[in-house]
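K.L.:
I'll drop the sequence and a predicted model, then ask my questions.
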Amino acid sequence: MSLVLVTPKINPDLDGVACAYALVKILNANDPGNKYLAGIFGEPQSEANFLLEKFQLKSGLVFDPVDHFDQFIIVDASDIIGMPQAIRALDVVEVIDHRSVTQAKELFPQAKIQIEAVGAAATLIVEKAQALEFSLDLGSLTLLFGAIYSNTLNLQPSIATERDLAALRFCEEQSDGKLSPQLVAEMFNYKTKYLDDHLGEVMASDFKGFTGSLGIAQLEGFDLDDLVATRLVEIKSILARLQIENDTRRIFLNACDLNRGHSIFVAPGKDTELMLAKALNVSFDTNGVARNDRLILRKQILPLLE
Ligand SMILES: [Mn+2]
């Protein structure tokens, strides 16, 4: 009997939380010889907190566990950076992720590695349950359903694949109509309210900087045109602070509007404006704000800037 920790990265998003929660249910039912625990380290992000609280699902998770684990399964992640210290790379037996760039084979030489290009790792867990003909509980279905919407930014066509859509339909059917787009709207409204109340913190937590060159902050929520218009001065001062703290020559914000499906850019500094205008074919107004007619992610912008 081995004690196996199933865990996403520290401060996980809903995709990571959903994968750990549901995979443990599947494995404990299908592999009674071992014991699997879903461990969450740090603070789950706002959408995960929303569903965990609303449906009282926290009892399916263990927070910051200190047990001695024999083995580890990593979900919605395939790097050792950002993972809890408890994990020993040589004792990782499985990696389930959907990132295209990964060194998982070298980092976790003992692990069975499943990395597939879908919009949410949750889709891979749904497919695992389907393959085993295992009936997921309503809590798992709810988290996986929310995770697919969340990780594809409300099913953006450039992110969500056919497999993600099929997994969503499966969750809806299995829930006997208890899961609906209404729940998704509530979840994204909660996320937007959270970001409105914690703007500086959210911008800092989803920031990627390359020392000496470029920093990109990203926000995701409903009706971000309104937020950018009403809080532009504050957004610019947060960007200025992040720029100093992270020592980047240029910085901009990519605000992803989830209901209208477009991106809004805030770029302080003429040279940053020019760079973005050229790379993305957008035009900036006198406030240093531009709009893209479709939603674009930071990881999709980066190659265009090179
Ligand atoms: Mn994910």
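P.N.:
Right, received. Where do you want to start?
K.L.:
flag every buried residue along stretch 258-277.
P.N.:
Buried residues in stretch 258-277, counting neighbours by 16 or more other C-beta atoms under 10 Å, are found at 258, 260-269, 272-273, 275-276. C-beta coordinates here come from the backbone N, C-alpha and C atoms, glycine included.
K.L.:
let me fix that: stretch 145-157
P.N.:
For stretch 145-157, the neighbour count (16+ other C-beta under 10 Å) marks 145-156 as buried.
K.L.:
tell me which of those is nearest to Asn28?
P.N.:
Ala147 (19.8 Å; C-beta to C-beta).
K.L.:
using the three-state scheme, assign that closest one.
P.N.:
Here Ala147 is helix, with the state taken from DSSP: H, G, I helix; E, B strand; the rest coil.
K.L.:
what's near enough to touch it?
P.N.:
14-15, 17-19, 120-122 (C-beta atoms under 8 Å, 6 or more residues apart in numbering).
K.L.:
helix, strand, or coil at Asp164?
P.N.:
What three-state DSSP gives for Asp164 is helix.
K.L.:
for the nearest residue in space to it that is not next to it in sequence, identify the helix or strand it belongs to.
P.N.:
Excluding its sequence neighbours, the residue lying closest to Asp164 (C-beta to C-beta, 6 or more residues apart in numbering) is Gly119, at 4.3 Å. Using DSSP states H and E, Gly119 maps to neither a helix nor a strand.
K.L.:
and Gly119, how many residues sit next to it?
P.N.:
26 (other C-beta atoms under 10 Å).
K.L.:
what's the answer for the one 3 residues further on, then?
P.N.:
Taking other C-beta under 10 Å as the neighbour definition, Ala122 ends up with a count of 36.
K.L.:
please enumerate the strands of the stretch 51-200 of the chain.
P.N.:
For the stretch 51-200 of the chain, the strands defined by DSSP state E, counting those that start in this stretch cover 62-63, 71-75, 92-97, 112-115.
K.L.:
and the nearest residue to Tyr149 once chain neighbours are set aside, how far is that from Gly146?
P.N.:
Leaving aside its sequence neighbours, Tyr149 sits nearest to Val184 (C-beta to C-beta, 6+ apart; 4.8 Å). According to C-beta to C-beta, to the nearest Å, Val184 stands 7 Å off from Gly146.
K.L.:
quick check: residues of the stretch 201-306 of the chain near the ion?
P.N.:
On the criterion C-beta under 5 Å from the ion, the ion has no neighbours in the stretch 201-306 of the chain.
K.L.:
residue ranges with poor pLDDT in the stretch 201-306 of the chain?
P.N.:
Scanning the stretch 201-306 of the chain for pLDDT under 70 picks out nothing.
K.L.:
mind listing the helices for it?
P.N.:
224-230, 232-246, 270-280, 298-305 (DSSP state H, counting those that start in this stretch).
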